[in-house]
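1. Sequence first, then the predicted structure, then my questions.
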Amino acid sequence: AYCLQQSHLLLAWKTCTSKSDAAVSDEIYHLLVSILPSLPPTLAITLLQAIQESLASKREFLIEVSEFCAALASHNNNDNNKDSSSQSNNSSSNNNNNNS
């Protein structure tokens, strides 16, 4: 069986901070952000601690941490917009059903 482990998340974050390829880092940011809500708490905490520690240990990772945070904020904003539109669609459907 294949399963995501702490070492995989730490390697993904290390790849983001390696500054070798901006496009690859951007894809990894979005991957990490997209899986973060579904991670078990221990894995999510491990990832967030690694991000926090990279910022605390070397200020040179400020850009990487801020890009991750921006991707996370954007992802959360998109989720909130989807929730709002589905709620308004549901209320519109309910209003149409009530008017019939």
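-> Ah, there it is.

2. C-alpha from now on. contacts and neighbour counts both.
-> Will do.

3. Show me the helices in the chain, by range?
-> Along the chain, the stretches classed as helices by DSSP state H are 6-17, 22-35, 41-57, 62-99.

4. Least reliable of those helices by average pLDDT, please.
-> When the helices of the chain are compared on average pLDDT, helix 62-99 comes out lowest at a mean of 70.

5. how near is the residue nearest to residue 5 when sequence neighbours are not counted to residue 52?
-> Nearest residue to residue 5, sequence neighbours excluded (CA to CA, 6 or more residues apart in numbering): residue 43, at 7.4 Å. Distance check for residue 43 against residue 52: by CA to CA, to the nearest Å, it reads 14 Å.

6. quick one: contacts for the residue nearest in space to the middle of the chain?
-> For the chain, residue 33 is the residue whose C-alpha lies nearest the centre (CA atoms, centre = their mean; 1.4 Å). Residue 33 makes contact with 68, 71-72, 75, according to CA atoms under 8 Å, 6 or more residues apart in numbering.

7. give me that answer again for 10 Å
-> Going by CA atoms under 10 Å, 6 or more residues apart in numbering, residue 33 touches 27, 68-76.

8. Most neighbours among those, which one?
-> Highest neighbour count within these: residue 68, with 22 neighbours (other CA atoms under 10 Å).

9. which residues touch that residue?
-> Taking CA under 10 Å, 6+ apart, we find residue 68 in contact with 13, 16, 25-26, 28-30, 32-33, 51, 62, 74.

10. May I see these organised as TSV, with distance to residue 39 added?
-> As requested, the contacts of residue 68 are exported to TSV (distance: CA to CA, whole Å):
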residue	distance to residue 39
13	15
16	19
25	20
26	20
28	15
29	15
30	14
32	10
33	10
51	16
62	24
74	18
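
11. I'd like to know which of the residues you listed is nearest to residue 3.
-> Distances from residue 3 to these, taken as CA to CA, are shortest for residue 32 (15.0 Å).
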